[in-house]
Structure formats: structure tokens, C-alpha cells
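Peer 1: Got a predicted structure here, sequence first:
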Amino acid sequence: MQDLEQYTLRIADTSLILAQRLSEWCSKGPTLEEDIALSNISLDLFGQANGLLEYVSTLNGEKSADEIAFKRNEREFFNLQICEQDNGHFGDTIIRQFLCDCYFKLFYQKLANSKDERLSAIANKSLKEVVYHLRHSSNWVVRLGDGTKKSNEKIQEALNKIWKFTGEFFEMDKLDQKMLKNKIGVNSSNIKKEWDSIVNKTLNTAKLNRPKDGYMMTGSKKGLHTEYLGKILAQMQYLPRAYPNAKW
Amino acid sequence: MQSGKIEEIWTLLGSVPDPEIPVISVVELGVIRDVKFINHEYVISVTPTYSGCPAIKTFQDDITTQLSQNNINNFRIEIVYSPAWTTEWMSSETKEKLRKYGISPPEKIAQCPQCSSTRVESISEFGATACKSLYKCSDCLEPFEHFKCI
């Protein structure tokens, strides 16, 4: 697989898996408005993943975007591990979304300057959407954190639990370095400072404590995942795998 | 082959309604970016409103039907991402059409399309389609949709 294809695939997988996760809320949201909100965010992420996978497909020259999404196994997926984590309760989902939205905003801001025109166009478009998502998730973090004693405890616990997955946002492996050198990719370690500042500010307003960095999970860039990804794929890929020629 | 039909194509596209908001056309919505004649065929550039907007498929089908019914068959539709779609491309006439239809148009301040009051409250930042959010008027108490500014 060529470098640009692999790099684009990583971004696509992160959107795709988070979209799939969020879609599980459809019809199960705590209120009708939130049901619609989470489904809308999911749809935006699916759209972003689709644009990226179409590009991967063009670069690949053989497989269609659908084949890439539906015919790969767990170890061939490169999404950030945070995206595959369980939805848990509403607070768990919101905190995961908030941490990811902050990252997406900063990542797409930088990717918008990519020398690769297609990536830059997708980044510019996605940026508009993720900024809106961030507003929604930040509002909820504050509302739950600065809500009742119970809502504060629950979202603090959710934050503590997911924190170890945030290290992956800022990792730079050989491929990232190479893409950065070619002015195509993003310097992810550089966005940490800004991410910290947005996250700290919101957590502060929400009366939540930022967890200390302890053991941080890693491995998705090599296709290593937590137990959840396999189950997501089982659900997501069942139909196209069981009925390969199904049309809808 | 001749390229003289560009204007006709624009006119025809002007009568293809938005699948979700039928009072405005796909041209008024701003998703048709360009019509060009390249290598014996017309190339119609379409941009999605939101990345995941399911209407993009309907746009393509409706455009295809409209053009082929008018004996234009040498065309293809191309999806473009840049520049990203923005509600700033919407004219004031189009915004007025939305208002009459009951949707508060994409302006910074949402205004009740029923009674024109600006005393409104946001119910949900997300609505029934990706491009709209939900509001309620504090004066006439009617709920309404607001076209998001992006």
C-alpha cells in the first residue's frame, strides 16, 4: 500500500468507526433531540469517511470504497482506539465525543493546508461540521459536569476511564513524519498544546478534574485494537459479507 | 457536438426542486457549482451541503431525470468538495422563499417564520435534516426549523 493511501485510510477509519459507534444511539437517545443530534453527528462522520474512502479507493485503483469498508478484518483497520470504545451511558458517549471533536477540529484545521488538494478539500468541509459538533459536545460536558452531584460524578468517572486513549491523538510514527515532510500530513504532536488548552478550559467550566496522564494505550497505527472493534465490525460488516451482492 | 446548451441546462436545473425543501431549487440551494462543456459532454459539478447529506444521491437522480427528459443525454455529474458549500451563497430571494415555507433562513439571528419575532429559544442544535436546527418562538409559541449557517 502506498503512503498516501495508508495515511488517508487512517483518517477514514477513525471517522467510520466513530460514526458506526454513534449510530448505535439511533432510537435509543435519552431525549428525542439528543437522539437526532447523535444520529446527525454520526451521519456527518459517515459522510466524511465516505469522502476519504472514495479517495483511498481512487489511490488503490482496485477496491471500491464499500469493499474497503466492509471487507477488511480487525487488524487491517487503523482507527484511533478511542473511537471504538463502548458507548456506555450518555455521559460516556459525550466525553468521548468531546475529546474527539477537539482533536478533529485541530487536526482538520492543519490538514486544510495540506499540499494534497483532495485531502485539503475534505478537511475544509469536515472542519465546518466538526466545529458544530464540538459546540454541542462542549455544552453537554459543562451541563453534566456542572449539573447535579450525580451527573458530575458520572461524567468525571467517564473522563477518567477514557483518558488513557487520548495519547494516540498526538502520536507520530514514521509514516506521519514522512507525510509531514512532504507537506501532506499533519504534525499531530504540535496540536497537543492547543488541544490541552481547549480541553482544560471546558473541564474547568464544567468543574471536572483533568486526569493525570498514566499508562496510555497505543497501537492503532499498527492495526492493534481493543476487544470492541471486532464486535463493531461483526455488526457493521455482517450484511455485505453474508450477502455479497446485496443491493439497497 | 456543440456546447450551446449550457444556458438551457442551467434553466432546467433551476426547476429541479431540493428533495427536502421543494420550494427552492438545487440551483438556489447553491449545490450546482458549474456547468461546463468538456470533450463532447456537459459536466455538471455538484457539491454536497453536508458530507453525509443523503440528499446528494437524490440530487443526482433528479438532475439525470430532468436532463434526459429534455433530450440532453451527453452529460455527467461530478461531485466536488472545494470550495465547501456555504449558506452565504443563498440569495435574499431564496431566503424569503424559505421564510414563507416556514423555515427560518440561514441568518445569524433566528427569527420566527410565523410571527417574525426574534424572541426565540433553541430547542435542539440538530434537526430532522443535517442542515437545520430546532427552535421555538417565545411569542407565538410555535416550534420552527432554522436553517443552520455554515
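Peer 2: All right, it came through fine.

Peer 1: Now chain A against chain B: closest residue?
Peer 2: Of all residues in chain A, residue A:47 sits closest to chain B, at 2.7 Å by C-beta to the nearest C-beta. To be clear about C-beta, it is placed using only N, CA and C from the backbone, and glycine gets the same treatment.

Peer 1: and chain A, which residues reach chain B?
Peer 2: Contact residues (C-beta under 8 Å from any C-beta of the partner chain) of chain A with chain B: A:33-34, A:36-37, A:40-41, A:43-48, A:50-51, A:117-118, A:120-122, A:124-126, A:128-129, A:132, A:135-136.

Peer 1: I'd like to know which of those residues are part of helices.
Peer 2: A:33-34, A:36-37, A:40-41, A:43-48, A:50-51, A:117-118, A:120-122, A:124-126, A:128-129, A:132, A:135-136 (DSSP state H).

Peer 1: Let me see the confidence value for the residue of chain A closest to chain B.
Peer 2: pLDDT, the model's per-residue confidence, is 95 for residue A:47.

Peer 1: would residue B:107 count as being in a strand?
Peer 2: No - assigned with DSSP: H, G, I helix; E, B strand; the rest coil, residue B:107 falls outside any strand and is coil.

Peer 1: Could you pull up the contacting residues of the residue nearest to residue A:136 when sequence neighbours are not counted?
Peer 2: Once flanking residues are discounted, residue A:136 sits nearest to residue B:125: 5.4 Å by C-beta to C-beta, 6 or more residues apart in numbering or on different chains. Contacts for residue B:125 (C-beta atoms under 8 Å, 6 or more residues apart in numbering or on different chains) come out as A:37, A:132, A:135, A:136, B:133.

Peer 1: mind redoing it with 7 Å?
Peer 2: A:37, A:136, B:133 (C-beta atoms under 7 Å, 6 or more residues apart in numbering or on different chains).

Peer 1: ok, now residue A:36?
Peer 2: B:124, B:126, B:127.

Peer 1: What number of residues are in the vicinity of the last one?
Peer 2: Residue B:127: 22 surrounding residues under other C-beta atoms under 10 Å in any protein chain shown.

Peer 1: number of nearby residues for residue 97?
Peer 2: Using chain A. Counted with other C-beta under 10 Å, residue A:97 comes out at 23.

Peer 1: try chain B instead
Peer 2: 18.

Peer 1: Give the full set of residues in contact with it.
Peer 2: So residue B:97 contacts B:23, B:24 (C-beta under 7 Å, 6+ apart).

Peer 1: just the helices in chain B please.
Peer 2: Assigned by DSSP H, the helices in chain B fall at B:6-13, B:26-29, B:55-69, B:92-101.

Peer 1: where are the low-confidence patches of chain B?
Peer 2: B:1-2 (pLDDT under 70).

Peer 1: Return the residues of it in contact with chain A.
Peer 2: B:50-53, B:81-82, B:84, B:123-127, B:130, B:134, B:150 (C-beta under 7 Å from any C-beta of the partner chain).

Peer 1: again, only using 6 Å
Peer 2: Taking C-beta under 6 Å from any C-beta of the partner chain as the contact definition, chain B meets chain A at B:50, B:51, B:52, B:81, B:82, B:84, B:124, B:125, B:126, B:130, B:150.

Peer 1: Find the residue at the geometric middle of chain B.
Peer 2: residue B:29 (2.5 Å; C-alpha atoms, centre = their mean).
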